[in-house]
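Chemist: Kindly generate the corresponding structure for this input.
(one chain, ligands or ions: 1)
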Amino acid sequence: MIQLIKRYTFFVAAIFFSQLSSAQKKAPIKPENKDVFIKSLIGKMTLEEKVGQLTLFTSDMSVTGPVMRDSYKADLQSGKCGNIFNAYTPEYTMKLQKLAMESRLKIPLLFGYDVIHGHKTIFPIPLGESCAWDTLLSEQTAGIAATEAAADGLHWTYSPMVDISRDPRWGRVAEGSGEDPYIGSLIARAKVKGYQENIGSNSSVLACVKHFALYGAPIAGRDYNTVDMGYQSMYNVYFPPYKAAIDAGARSVMASFNEINGIPSTANKWLMNDVLRKDWGFKGFIVTDYTGINEMVHHGNVADEYEGGIAAINAGIDMDMQGAVYYTYLKKALDEKKVNMEQIDLAVYRILEAKYDLGLFSNPYKFCSTERAKTQIMNPSQLAKALEAGQKSIVLLKNQNNILPLKKTGKYALIGPYIKDKRDLIGNWSAAGDWTKAVSLYEALNSKIGSSAQLIYAQGANTVSDTTLIKKMQIQAFITPRSDGDLLQEALIAASQAEVIILALGETEGMTGEAASRSNLRIPANQIKLMEALSNLNKPIVLVLSNGRPLDLSWENENMNAILETWFLGTQSGNAISSVLLGEYNPQGRLTMSFPRSVGQVPIFYSAKNTGRPYEENQKYTSKYLDIPNTPLFPFGYGLSYSQFSYSNLSIPKKAFKTGEKIELSLTVSNSGKIKGIETVQFYVRDNVGSSTRPVKELKRFVKLELNPGESKNVVFTISSDDLKYYNYELQHVFEPGEFTLFVGKNSSENESVSIHIGE
Ligand code: NOJ
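Modeler: The predicted structure follows:
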């Protein structure tokens, strides 16, 4: 094998050097000293070739937005385009790379792609995986995604998406890690590490942190909408995950579509130069989002694309994704002295550096190995990790009378469009994932209990039957729509024969992700009808939900016996869900976004501020709704287990601490249930009085404990005043002495607390 790799390396290196012009053959460029090599290369480049390095075009393989250039292949040969996205497989990337090798300076192409939650082995959507509260898992799944992507010709993933979001109307909450900056930062760091672990080897890819910044806070949850945010929320809540990703060494950043204080990120000098580069020390390159420069004309901060290009490059945006603005206008802008060559050279340098570090100058075909693609994609260990990730992501929301886990015998009606569906289960942004390889719930239950139990299937409803919605989502119908009336009748017959109904409902994958905001947070109306009709039968119903955002489950919570939130779990969906239903796996997932009681509460999040008139039930003039409580239906951090955990002995050695002193809070957690389980013990803090108002609670630590039945473990949480710093009104990062309340518990609502004083 090693022999083979060596021979291959020699072979491609031979091709590379044989393709150099005769002048270069005399003095071949030896990429030994990076800085000398890159600067000397830049010295040889024409302006057109430089602009080529700042240009990123989509191939025609898998397009995700408006197409600007059909003739991109000619641009590769002439060096006018140096980067491609939406192209993968060793064969195809090799073919395109060969075109670049025909260009004068033979600068290798960089291949990027949206590898968001796996490349071929698809893991749970990021929001789902974040519910595992397991940073090692986050890193491992990113590592596998990188290995597979790199074995499939790719160098660069447009991930992690670390936008904090508190608005489930926004379809892209599915791509992020939820509402909380602490857990969001841990996951951001883990993902970057997983993708980039070994840059320069052929199993790591460049990460791209997105969408910088604040993209998760569009007004009214409508995708691409304006963001309007104060600096304290920016610095205390929304910035930390981006910063954590940069600190972890992320090599690239994607500018967000939205504006920040009137200037779109794509032209925002303060954001890109002052915050990202100067304050955070970011050294990599910045790419626009898809046609981000062109879109500034619609934002209205520039008159035309020419002005947009000038604004973007002067704001430090290095690469233009798909907009062809740098491609078309940079020369003119330079001639008219609107931009300078230093700025262009700096951007070129950053991009060439990434290519250099990937090892592409030594071997441009390094990632195009059909051999690796055969063994390093969807192999058994990768599939096993997908099963683990799926299991850990599931959140048990309700389990009345311990109806779950189910016996392996009995009569079960398997009803709902998500019983047999596979396409939706791998979720939105499932990249190159092949949904036909996903395991459905039907397949998994049949293989596990098909011979011991009676399984009666009925589809029950279409995933969605609202034709306007179908048109807007531009989805393909993966299950041919049938009459909802007929489907319902079949379901009622199936249900009448069963002891328990397993009802699999939810959203389609196209209802989540980009350009998929919703104003209604319930499951589609036709599925609700099915659910209501089945609930009238008064048989126990276990509701299995596949969806990509927190939903309004108020009715379901009243009327269903058990509710299992399974998100979109990826390739191993059916195996993961069935293992929880049948008790082979004890659920341990905890929500990373609050579930509202109704869409009217949105945005809703645990880490809110108190207001001057906090809620009091019998006081009219307090902050509340007339029709529903303020609290969410299921709070951040919530999730049930088949075990029962109890907390005791909360103690702290003293009540007053000095600034900088270690503060240790200890408690005992016990499993009083009958089976082994994992509890996620959560530690929150409230800064009772600040020079600026502070949230009522902020997550500061958590620990996952595995406990056998009857077992107890002691937990110690340690923090110091450094963990309690925040950005004050003047945006200074300060610790302010005073009273703090420390909370521990099983979620953000159910906890015990102690008060302490910290400071001189
Ligand atoms: C637009 C999306 O906002 C971004 O997340 C994605 O990486 C690009 N399109 C490329 O597909």
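Chemist: Report the closest residue of the stretch 201-350 of the chain relative to the ligand.
Modeler: The nearest approach of the stretch 201-350 of the chain to the ligand comes at residue 290, 3.9 Å away (Cβ to the nearest ligand atom). In short, each C-beta sits where N, CA and C put it, glycine included.
Chemist: Next, count neighbours for that residue.
Modeler: 22 (other Cβ atoms under 10 Å).
Chemist: And residue 277, by the same measure?
Modeler: The local packing of residue 277 (other Cβ under 10 Å) involves 17 other residues.
Chemist: what about the nearest residue to it once chain neighbours are set aside, distance to residue 268?
Modeler: Once flanking residues are discounted, residue 277 sits nearest to residue 316: 6.5 Å by Cβ to Cβ, 6 or more residues apart in numbering. Distance, residue 316 to residue 268, using Cβ to Cβ, to the nearest Å: 9 Å.
Chemist: Where does this protein get nearest to the ligand, which residue?
Modeler: With Cβ to the nearest ligand atom as the measure, residue 158 is the residue of the chain nearest to the ligand, at 3.5 Å.
Chemist: Could you report the neighbour count for that residue?
Modeler: Residues near residue 158, counting by other Cβ under 10 Å: 26.
Chemist: Unless I misread the structure, the residue of the stretch 201-350 of the chain closest to the ligand falls within a strand.
Modeler: No: assigned with DSSP: H, G, I helix; E, B strand; the rest coil, residue 290 falls outside any strand and is coil.
Chemist: surely it meets residue 321?
Modeler: Yes: if you go by Cβ atoms under 8 Å, residue 290 and residue 321 touch, sitting 5.4 Å apart.
Chemist: can you pull the contacts of residue 289?
Modeler: Going by Cβ atoms under 8 Å, 6 or more residues apart in numbering, residue 289 touches 210-211, 254-257, 266, 321.
Chemist: ignore the last one, residue 133
Modeler: With Cβ under 8 Å, 6+ apart as the criterion, the residues that contact residue 133 are 183, 589-590, 592, 680, 702, 704.
Chemist: Over to residue 281?
Modeler: Taking Cβ under 8 Å, 6+ apart as the test, what residue 281 contacts is residue 246.
Chemist: wait, what's in contact with the closest residue to residue 695 other than its chain neighbours?
Modeler: Using Cβ to Cβ, 6+ apart and skipping the chain neighbours, the partner closest in space to residue 695 is residue 607 (4.3 Å). By Cβ under 8 Å, 6+ apart, residue 607 lies in contact with 179-180, 237, 636, 695-699, 748.
Chemist: For those residues, could you give me JSON lines that also reports pLDDT?
Modeler: Listed next are those as JSON lines, based on pLDDT from 0 to 100:
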{"residue": "179", "pLDDT": "98"}
{"residue": "180", "pLDDT": "98"}
{"residue": "237", "pLDDT": "98"}
{"residue": "636", "pLDDT": "98"}
{"residue": "695", "pLDDT": "98"}
{"residue": "696", "pLDDT": "98"}
{"residue": "697", "pLDDT": "98"}
{"residue": "698", "pLDDT": "98"}
{"residue": "699", "pLDDT": "98"}
{"residue": "748", "pLDDT": "98"}
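Chemist: between these, which is closest to residue 43?
Modeler: Residue 43 lies nearest to residue 237 out of the contacts of residue 607, by Cβ to Cβ, at 45.0 Å.
Chemist: Please list all residues in contact with the closest one.
Modeler: Counting by Cβ under 8 Å, 6+ apart, residue 237 touches 164, 181, 607.
Chemist: Which ones among the residues you listed lie within helices?
Modeler: Members of the contacts of residue 237 lying in helices (criterion: DSSP state H): residue 181.
Chemist: now, among the contacts of residue 237, which is nearest to residue 378?
Modeler: Set against residue 378, the nearest of the contacts of residue 237 by Cβ to Cβ is residue 164 (32.1 Å).
Chemist: quick one on the thing from earlier: around the residue nearest to residue 277, how many other residues sit close by?
Modeler: Counted with other Cβ under 10 Å, the neighbours of residue 316 add up to 23.
Chemist: quick one: it and residue 272 touch, right?
Modeler: Yes: with contact defined as Cβ under 8 Å, residue 316 reaches residue 272; the gap is 4.2 Å.
Chemist: and the protein, what are its domains?
Modeler: Per automatic domain parsing, the domain ranges recorded for the chain read 1-112+340-366, 392-593, 645-758.
Chemist: okay, those domains, which one's buried deepest?
Modeler: domain 392-593 (a mean of 21; mean count of other Cβ atoms under 10 Å).
Chemist: what about that domain, distance to the chain center?
Modeler: Its chain's C-alpha centre and that of domain 392-593 lie 22 Å apart, by Cα atoms, centre = their mean, to the nearest Å.
Chemist: Residue 543 in helix, strand or coil?
Modeler: Three-state call for residue 543 (three-state DSSP): strand.
Chemist: My error: substitute residue 278 in the last question.
Modeler: Three-state call for residue 278 (three-state DSSP): helix.
Chemist: quick one on the thing from earlier: please tell me how far the residue nearest to residue 695 sits from residue 590.
Modeler: Separation of residue 607 from residue 590 (Cβ to Cβ): 15 Å.
Chemist: Test my guess that residue 154 contacts residue 111.
Modeler: Yes: Residue 154 lies in contact with residue 111 (Cβ under 8 Å); the separation is 5.1 Å.
Chemist: still on that earlier bit, where do the contact lists of residue 316 and residue 272 overlap?
Modeler: When contacts are counted by Cβ under 8 Å, 6+ apart, the set common to residue 316 and residue 272 consists of residue 286.
Chemist: where do the strands sit along the stretch 651-760 of the chain?
Modeler: 656-657, 663-671, 677-687, 698-707, 712-719, 726-727, 733-734, 738-745, 751-758 (DSSP state E, counting those that start in this stretch).
Chemist: now the ones you listed as CSV including distance to the ligand?
Modeler: Formatted as CSV, the strands of the stretch 651-760 of the chain follow (distance: least, Cβ to the nearest ligand atom, whole Å):
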stretch, distance to the ligand
strand 656-657, 44
strand 663-671, 39
strand 677-687, 29
strand 698-707, 26
strand 712-719, 35
strand 726-727, 27
strand 733-734, 30
strand 738-745, 35
strand 751-758, 36
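Chemist: Could you dump those into JSON lines with distance to residue 564 added?
Modeler: As requested, these are exported to JSON lines (distance: least, Cβ to Cβ, whole Å):
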{"stretch": "strand 656-657", "distance to residue 564": "43"}
{"stretch": "strand 663-671", "distance to residue 564": "21"}
{"stretch": "strand 677-687", "distance to residue 564": "16"}
{"stretch": "strand 698-707", "distance to residue 564": "20"}
{"stretch": "strand 712-719", "distance to residue 564": "27"}
{"stretch": "strand 726-727", "distance to residue 564": "37"}
{"stretch": "strand 733-734", "distance to residue 564": "41"}
{"stretch": "strand 738-745", "distance to residue 564": "23"}
{"stretch": "strand 751-758", "distance to residue 564": "24"}
